[in-house]
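Novice: structure, please.
(2 chains)
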Number of protein chains: 2
Amino acid sequence: MNTVFLERYQSLVEEGVDRWVHALPSGGLYEPMAYLMRLPAKRIRPAALLMCCDMAGGDIRQALDPAVGIEIFHNFTLMHDDIMDQAPLRRGHDTVHVKWDVNTAILSGDAMLVKAFEAFTRHTGTMEIFIEHALAVCEGQRSDMEFEQRQNVSLPEYMEMIRRKTAMLLSCSMRIGAVLGGASPKDVGRVAEFGEHLGLAFQLRDDLLDAFGDPDKVGKATGGDLRAGKKTWLLIRGLELEQASGGGLLSGELRKGPAQRNIPAMLKALQELGARQDAEEQVAFHEGKAQEALDMLDVSTERKEPLTRLADLLMARTY
Amino acid sequence: MNTVFLERYQSLVEEGVDRWVHALPSGGLYEPMAYLMRLPAKRIRPAALLMCCDMAGGDIRQALDPAVGIEIFHNFTLMHDDIMDQAPLRRGHDTVHVKWDVNTAILSGDAMLVKAFEAFTRHTGTMEIFIEHALAVCEGQRSDMEFEQRQNVSLPEYMEMIRRKTAMLLSCSMRIGAVLGGASPKDVGRVAEFGEHLGLAFQLRDDLLDAFGDPDKVGKATGGDLRAGKKTWLLIRGLELEQASGGGLLSGELRKGPAQRNIPAMLKALQELGARQDAEEQVAFHEGKAQEALDMLDVSTERKEPLTRLADLLMARTY
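Specialist: Numbering: from 1, shown residues only, chains lettered A, B, ... in the order given. So this is what the prediction gives:
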C-alpha cells in the first residue's frame, strides 16, 4: 500500500524525536530513554496527531512538541510494561531492564513520564486531555494484569480494557491534534471517536491475526496468544460459545500446560464455534463506527484524505 | 517545641489529602495510593507551600491542590524508591510492593505521578516549576543509586545528589507557594533559596544524627548508615581526612562485611579526624544561608514568623 500520505508526517515526527533525543542531558537516567526512542518505530500516534492538526487547518510544526510528547509517553509505557511482563525483547532489541537493570528501567521510565508532561506545558488545553488519557492507559494496563490472574473475563470487560490500554492513546493523540488545529468542539469529539474505534478495531484485528494470520504476512509466528492462554476477545467468545453448546475442547486445552496445548485443534474449534466470525464482525463494527465518525467531520473530503488513508492502512492488515 | 504555628497548615493539608483520597476511584490501581497517603506523616512540604503562599498574602485555600500535589509526588517517589531499595517497611508499615507486589507498586506509582501532575493543571505558572523539580528529584535518586556502586564519591558530588534528591522538593514547594501567593520574582527566588539551604541542612543533620544521635531522641537505632557503608557527607569527609593523615581505620572497617564492622571505633575515628566537626560546620553553613535568604525577604517580620519557626523546628533536632 502506498504510504506517501503518511511519510510526510512521520518524517516530521522523526525530526522532532531526533531533536528531543539530542537535547537530553548525558547520564544514566537519560541513556535508556534515548535508546528506546531511537529504535525504529512507525510513530503512528504522533503522526495521527499531526494529521488531525493539519485536517483542522493548523500549523503542524506548532503541534510537534505534543506529538513527540505522545511518543515519549508511549515509550515510557513500553519501558515499564516490559518490566512487568518480564519481556526480554522490544522491537527485536534488548528491553531496557535487560540491557541495564530493573531499577534503571523503573527510574528512567519515571523521568520519561515527567518529560512527556513537559512537552504539553506550552500548549494550552492539551495538558488536561493528556492527563485524563494517561491515567486511563494505566488503568487499562492494571486490568490487563488483573485479567491474567482471573479465570473469567467477560467480553465487555475485555473491550473496556483494550479501550483504555490501546484505543484511548490513539484517540488522545487525534483529539489533541484537532484542538491544536483549531477544530470545533464537535469535530474534536468526532475525531476522538474516530481514533477510539480505529484503535479498538486495530487491537481486535491484531488478536485475530495472532490466531489466524499468515506468519509470513504478520511477520511473526502465530498462535502465541493461545499458547499463553491469553484471554483475547476471540478466546473469551470461543469459551462462551463452547459452554453454551456443551463442548469442552478449548477449556480442556487451557487446563494443559502451554507446551502441551494443541493449537491447531483450538483454532479449528474457534472457527467451528463461530468465534472467529463473531470477532471479525466485531472488527467490522468498530471499523464502521470509525468510518461514521470520519464521515460526520465537518471538513472537505480532500482535507479528510490523510485520515481516510490512515484508516485504510490500519484496517488493511490481512490474514 | 511548640508547633501550633505549623498545625494550622498541617490540618488544612490533611483535609485536602482526605478529600483527594476519598475522590479516588475504586480498584487495584488506586488502593495502594490511598494506603500510602493515609500513613501518618508530617506533611512538611505541603505545609511549607501553604506557609509561603500565606506569607506572600495569598489565599491558602486556593493553594491546597498544588500542596496536595506535592505530597502525592513525594509519596510516589517513596513507592518507587522502596521497590528500588527493596525496603520492607515505610513509616512502620509494609511497603506497597510487600503488601501487594512489585508490578502493582510500579504501575500504581506511575498513575500516582500522573495524579500529581493533575493537581497543578488549574494553577498557572506552577506546572513548569513542578516539572523542573520533579526531574531533578529523579536525577538525585539516580545519583544515589550510582553512588552505591562506586568506590569514590566526592563531597561536591554528594552535595549535588542530596540537593536534587531532597532539598529541591522543599524548595519547589516553597517556590510554588510564593508564586501562588503573588510574591515578587525576587522574593520567589529568596524563598526558593531558603527552602534549598534548609533542605540541605536538614539532610546533612539527618546523616549526623544517624551516626551520633541519641537513639531515644532520634527514634531509631543509630549507626545504620555506617553499618551499610553508606557514603554520607560525614563518611566521605572522614575518608578524605584519614587518607591525608595516612590512617586506615575507616577504610579498613568498610572492607569488612556489615556485621563485622566495629561501629564504635568508626564513630571514634570520625570524631578524632575532625569529620564530625566539619559536618556540623557544613550544617551551620547552610542554616546560615537559609537564614540570610529569610532575612532578605521583603515582607514584615510578623509575616515571616511561620517560616522562621519552621526553620527553627527543622534545625532543632539535637543529638
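
Novice: which bits of the stretch 101-250 of chain A sit near chain B?
Specialist: The interface of the stretch 101-250 of chain A toward chain B, taken as Cβ under 8 Å from any Cβ of the partner chain, is made up of A:103-104, A:106-111, A:113-115, A:117-118, A:121, A:127-128, A:131, A:134-135, A:138-139, A:141-142, A:145-146. Backbone N, C-alpha and C define where each C-beta goes, glycine included.

Novice: could you flag which of these are buried?
Specialist: A:103-104, A:106-111, A:113-115, A:117-118, A:121, A:127, A:131, A:134-135, A:138-139, A:141-142, A:145-146 (16 or more other Cβ atoms under 10 Å in any protein chain shown).

Novice: looking at those, which are in helices?
Specialist: Among those, DSSP state H puts A:103-104, A:106-111, A:113-115, A:117-118, A:127, A:131, A:134-135, A:138-139, A:141-142, A:145-146 in helices.

Novice: if I pick the spatially closest residue to A:G58 that is not a sequence neighbour, what's in contact with it?
Specialist: Sequence neighbours aside, A:G181 is the residue nearest to A:G58 in space, at 3.0 Å (criterion: Cβ to Cβ, 6 or more residues apart in numbering or on different chains). Residues near A:G181 by Cβ atoms under 8 Å, 6 or more residues apart in numbering or on different chains: A:C52, A:C53, A:D54, A:M55, A:A56, A:G57, A:G58, A:A63.

Novice: how close does A:A119 sit to B:G69?
Specialist: To B:G69, A:A119 is 19 Å away according to Cβ to Cβ, to the nearest Å.

Novice: again, but for A:L249
Specialist: With Cβ to Cβ as the criterion, A:L249 and B:G69 are 53 Å apart.

Novice: helices or strands up against the lengthiest helix in chain A?
Specialist: In chain A, taking DSSP H as the definition, the longest helix is helix A:185-212. The contact analysis (3 or more Cβ pairs under 8 Å, 6 or more residues apart in numbering or on different chains; DSSP states H and E) places helix A:185-212 against helix A:44-55, helix A:155-162, helix A:168-181, helix A:224-228, helix A:233-245, helix A:263-273, helix A:275-296, helix A:301-315.

Novice: redo those helices as TSV? Include mean pLDDT and distance to A:L208.
Specialist: Shown next, in TSV, are these (pLDDT from 0 to 100; distance: least, Cβ to Cβ, whole Å):
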stretch	mean pLDDT	distance to A:L208
helix A:44-55	98	19
helix A:155-162	97	13
helix A:168-181	98	18
helix A:224-228	91	10
helix A:233-245	96	6
helix A:263-273	96	10
helix A:275-296	97	5
helix A:301-315	92	12
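
Novice: from A:E146, how far off is the residue nearest to A:K165 when sequence neighbours are not counted?
Specialist: Nearest non-adjacent residue to A:K165, counting by Cβ to Cβ, 6+ apart: A:G140, 2.9 Å away. Using Cβ to Cβ, A:G140 is found at 11 Å from A:E146.

Novice: also A:A178?
Specialist: In terms of Cβ to Cβ, A:A178 sits 33 Å off from A:E146.

Novice: same deal with A:D101?
Specialist: 27 Å.

Novice: same thing with A:Q277?
Specialist: 29 Å.

Novice: how about A:G213?
Specialist: Counting by Cβ to Cβ, the gap from A:G213 to A:E146 is 27 Å.

Novice: same deal with A:L78?
Specialist: Distance, A:L78 to A:E146, using Cβ to Cβ: 20 Å.

Novice: settle it for me: which of A:L249 and B:G69 has more neighbours?
Specialist: Neighbour tally, A:L249 and B:G69, criterion other Cβ atoms under 10 Å in any protein chain shown: the higher count belongs to B:G69, 27 against 17.

Novice: and the residue of the stretch 151-300 of chain A closest to chain B?
Specialist: Among all residues of the stretch 151-300 of chain A, A:R164 sits closest to chain B, at 10.7 Å; criterion: Cβ to the nearest Cβ.

Novice: and that residue, what does it touch?
Specialist: So A:R164 contacts A:A136, A:V137, A:E139, A:G140, A:S143 (Cβ under 8 Å, 6+ apart).

Novice: same deal with A:V17?
Specialist: Contacts of A:V17 were listed using Cβ under 8 Å, 6+ apart, and they are A:M37, A:R38, A:R43, A:V68, A:E71.

Novice: mind checking pLDDT for it?
Specialist: Looking at A:V17, its pLDDT reads 98.

Novice: give me the element it is part of.
Specialist: For A:V17, the host element (DSSP states H and E) is helix A:4-22.

Novice: next SSE downstream of that helix?
Specialist: Moving toward the C-terminus from helix A:4-22, the next helix or strand (DSSP H and E) is helix A:31-38.
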